[in-house]
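Engineer: Starting from these lines, generate the structure:
(4 chains)
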Number of protein chains: 2
Amino acid sequence: MTNKNSNKDACNCNVIHEDVVNKVKAKMPKEEKLYDLADLFKVFGDSTRIKIIYSLFEEEMCVCDIATTLGMSHSAISHQLRVLKSAGLVKFRKDGKVVYYSLDDEHVKNIFDQGFSHISHK
Amino acid sequence: MTNKNSNKDACNCNVIHEDVVNKVKAKMPKEEKLYDLADLFKVFGDSTRIKIIYSLFEEEMCVCDIATTLGMSHSAISHQLRVLKSAGLVKFRKDGKVVYYSLDDEHVKNIFDQGFSHISHK
DNA sequence: TTTTCATATGAATAATTGTTCATATGTTCA
DNA sequence: TGAACATATGAACAATTATTCATATGAAAA
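Structural biologist: Here you go, the predicted model:
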């Protein structure tokens, strides 16, 4: 009882199905991938960003148009666009002082459609 | 300048593309749906819950097995399972004092696969 | 080159969310 | 029945995330 290191109090029950635990551990993706995945979904976990993405499903928009559409401040939209950009979800092009944002990912529509199915039939 | 109500300072620029704004507004899903969608993704936005879901992709597991697999306390797992349950993502069956959890949604696998594609090719 | 305007950013505050610890519930087996 | 155990839950604290306000940047037009 000397060397029960690390998660010594993580599990003190007897119902461990070792085969199941081993199988699941073997199939589990790399820790890093799991964090990245959680981070991606975190980005989707805010209704302002959801609205921005839905807007961009239609066509590219400038910051001002998005702010007007959502009835929010430029600053707030700009902050959220930065989050979307650093997640690799939107790209932009500049035309003079106006910046046009558009979607930069083919998976998002699909993910949203699936998510929509889930919340709709429950 | 008397009746500029509600979001009076939401947009004071001149680059509003009215047609775009109107089109996007018309296609935007109901506010309530957007919140529900954000709430669903919020659930996916935590790596512990991601790990639990990945575990359950393989087969049903009891709380103890999950805790052992992830090296976490029963309490922590139990709390997260409650979140997953109230989002309609997992179901459970009881066998004596052991509770077995399993996935209760066909969309999750798909959503995760798409998410994985996104993080993988960037 | 100064003013105006679209967008971006930093820092402070507010709000939300996760984790831990202590304790409760409910089932089994002696 | 009561001791042992698997799981659940409430409340306190810690950590993360969003929002706001003030100000900065950088392009265009006067």
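Engineer: hey, let's count contacts and neighbours off CA atoms from now on
Structural biologist: OK.
Engineer: Quick one: classify residue A:94 as helix, strand or coil.
Structural biologist: The local conformation at residue A:94, judged by DSSP: H, G, I helix; E, B strand; the rest coil, is strand.
Engineer: For it, which residues count as its bridge partners?
Structural biologist: residue A:99 (DSSP bridges).
Engineer: burial measure for the closest residue to residue A:77 other than its chain neighbours, as a count.
Structural biologist: Excluding its sequence neighbours, the residue lying closest to residue A:77 (C-alpha to C-alpha, 6 or more residues apart in numbering or on different chains) is residue A:67, at 6.2 Å. Residue crowding around residue A:67 was assessed by other C-alpha atoms under 10 Å in any protein chain shown; the count is 22.
Engineer: Next: residue A:73.
Structural biologist: The burial count for residue A:73: 19, using other C-alpha under 10 Å.
Engineer: can you tell me how far the residue nearest to residue A:77 sits from residue B:85?
Structural biologist: Distance, residue A:67 to residue B:85, using C-alpha to C-alpha, to the nearest Å: 35 Å.
Engineer: And for residue A:68?
Structural biologist: On the measure of C-alpha to C-alpha, residue A:68 and residue B:85 end up 37 Å apart.
Engineer: any idea which helix or strand carries the residue nearest to residue A:77?
Structural biologist: Assigned by DSSP states H and E, residue A:67 falls within helix A:63-70.
Engineer: That helix near DNA strand D anywhere?
Structural biologist: No: against DNA strand D, helix A:63-70 shows no contacts by C-alpha under 7 Å from any atom of the strand, the least distance being 11.3 Å.
Engineer: Format the CA atom coordinates belonging to that helix as CSV.
Structural biologist: The C-alpha coordinates for helix A:63-70 follow below in CSV (Å, rounded to 0.1, in the frame of the first residue of the first chain):
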residue,chain,number,x,y,z
VAL,A,63,-18.3,44.5,-39.1
CYS,A,64,-20.8,47.3,-39.3
ASP,A,65,-23.4,45.1,-41.1
ILE,A,66,-23.0,42.4,-38.5
ALA,A,67,-23.3,44.9,-35.6
THR,A,68,-26.5,46.3,-37.2
THR,A,69,-28.0,42.9,-37.8
LEU,A,70,-27.4,41.7,-34.3
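Engineer: Many thanks, I have nothing further to ask.
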